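1. I would like the atomic coordinates for the input below:
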Amino acid sequence: MTTPAIDVTGLRKSYGEKTVLDGVDLRVNAGTVTALLGPNGAGKTTIVNILTTLVQADGGTALVNGSDVQRDPAGVRASIGLTGQFSAVDGLLTGEENLLLMARLRHLGEKGSKARVAELLEQFDLVDAARKPLATYSGGMRRRLDLAMTLVSTPRVIFLDEPTTGLDPRSRRTMWDIVRGLVADGTTVLLTTQYLDEADELADRIAVLDGGRIVAEGTPDELKRLVPGGHIRLRFTDAAALGSAATLIADSTADEAALVLTVPAQGGVGGLRSVLDRLDAAHLEVDDLSIHTPDLDDVFFALTGKKEKGTLS
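-> Residues are numbered from 1 along each chain as shown. Next comes the predicted model:
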């Protein structure tokens with residue numbers, strides 16, 4: 001079997017009496033994206049901090065590119081990049097100066113530094129803004145610069161800790177495209193995010209973290225199949241037809257204001273056909289029909305008990 005780029009076994013971390021990680025196992029294959037989902041305080045950032053050698057674990061083992069984070073932290077740091085939740089750029093410097101500073105810290109040499117900075121400015125569409133002060137940069141431009149600085153030394157594994165928080169939809173999608181490009185070139189990504197759609201768009205695998213443990217792991221489609229939540233949405237032209245349909249179909253829920261009947265989706269296509277056949281036999285016409293399959297919202301609420309919709313914050 002291929003050696004995973006990230007290999008975590010029995011990871012534990014506590015702060016005083018508060019247990020943050022309680023025996024986490026996680027494996028991330030090279031050249032893939034794994035997303036960590038979980039409510040605030042679930043331990044996502046703690047895992048990232050341990051794997052990037054910023055925090056020491058209380059127990060367990062963690063290998064990144066084959067290097068042990070506790071026994072060989074220098075080896076880990078040599079092959080990784082980290083984009084944290086908050087911008088790490090120097091506001092007194094231009095974008096180009098920030099990148100040159102990072103390149104020199106990475107010992108690329110004067111010629112190598114200039115070449116790598118020029119390449120990154122082009123890759124991240126920052127050429128026109130390269131010599132402008134960061135005060136003129138939008139939030140999306142700052143995050144692109146953040147990620148560009150992470151990639152100065154072409155790390156094999158990058159950690160993205162909520163990289164698109166606070167960005168507008170267009171900037172978020174630009175970041176998604178950049179991440180996809182990195183993975184296509186063989187980079188491994190561990191992503192924490194508060195956006196369920198982001199995990200669905202980017203991740204090859206998702207690990208759901210709750211109470212300091214991984215409570216579910218798999219591809220987005222595999223996780224969606226773990227939970228119920230699918231339903232058929234039928235809209236009728238008048239209240240009388242809605243009432244008759246609600247009486248006819250057990251376990252349905254009627255919304256009289258919207259003239260909509262919601263029916264649990266059971267039995268796949270056969271279940272849908274059965275519902276439509278019963279309505280047809282009763283001469284009840286449906287004005288509109290839509291099918292909702294379980295999404296990552298349903299997975300998250302079912303596995304973590306959270307009630308809020310939209311994001312994980």
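2. find the centremost residue of the protein, please.
-> In the chain, the residue lying closest to the centroid (Cα atoms, centre = their mean) is residue 199, at 3.1 Å.
3. pretty sure that residue sits in a helix.
-> Yes: applying DSSP: H, G, I helix; E, B strand; the rest coil, one finds residue 199 inside a helix.
4. quick one, helices of the stretch 51-200 of the chain?
-> 73-77, 95-105, 109-123, 139-150, 169-184, 196-202 (DSSP state H, counting those that start in this stretch).
5. same list, those helices, but as CSV with distance to residue 252 please.
-> Every residue, glycine included, has its C-beta placed from N, CA and C. Formatted as CSV, the helices of the stretch 51-200 of the chain follow (distance: least, Cβ to Cβ, whole Å):
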stretch, distance to residue 252
helix 73-77, 55
helix 95-105, 57
helix 109-123, 53
helix 139-150, 45
helix 169-184, 35
helix 196-202, 27
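6. ok so, going back, what's the closest non-adjacent residue to the residue nearest to the centre of the chain?
-> residue 35 (3.9 Å; Cβ to Cβ, 6 or more residues apart in numbering).
7. looking at this, that neighbour is in a strand?
-> Yes: the assignment for residue 35 (three-state DSSP) places it in a strand.
8. could you list the low-pLDDT ranges of the protein?
-> Along the chain, segments meeting pLDDT under 70 span 1, 229, 266-268, 305-313.
9. so what are the domain limits for it?
-> 6-224, 231-293 (automatic domain parsing).
10. okay, the ones you listed in TSV with distance to residue 303 next?
-> Below are those laid out as TSV (distance: least, Cβ to Cβ, whole Å):
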stretch	distance to residue 303
domain 6-224	5
domain 231-293	17
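11. of the ones you listed, flag the one that's most buried.
-> Counting by mean count of other Cβ atoms under 10 Å, domain 6-224 has the highest mean neighbour count of the domains of the chain, with a mean of 18.
12. just to revisit the earlier point, contacting residues around the residue nearest to residue 199?
-> By Cβ atoms under 8 Å, 6 or more residues apart in numbering, the residues touching residue 35 are 191-193, 198-199, 202-203, 205-207.
13. against residue 118, how distant is it?
-> 32 Å (Cβ to Cβ, to the nearest Å).
14. contacts for stretch 168-184, please.
-> Contacts of stretch 168-184 (Cβ under 8 Å, 6+ apart): 31-33, 123-124, 138-140, 143-144, 147, 151, 158, 160, 163-164, 167, 189, 191, 195, 198, 201-202.
15. next one: stretch 256-263
-> 231-239, 242, 245-246, 249, 251-255, 275, 287.
16. repeat that with 7 Å
-> 231-236, 239, 242, 245-246, 249, 252-254, 275 (Cβ atoms under 7 Å, 6 or more residues apart in numbering).
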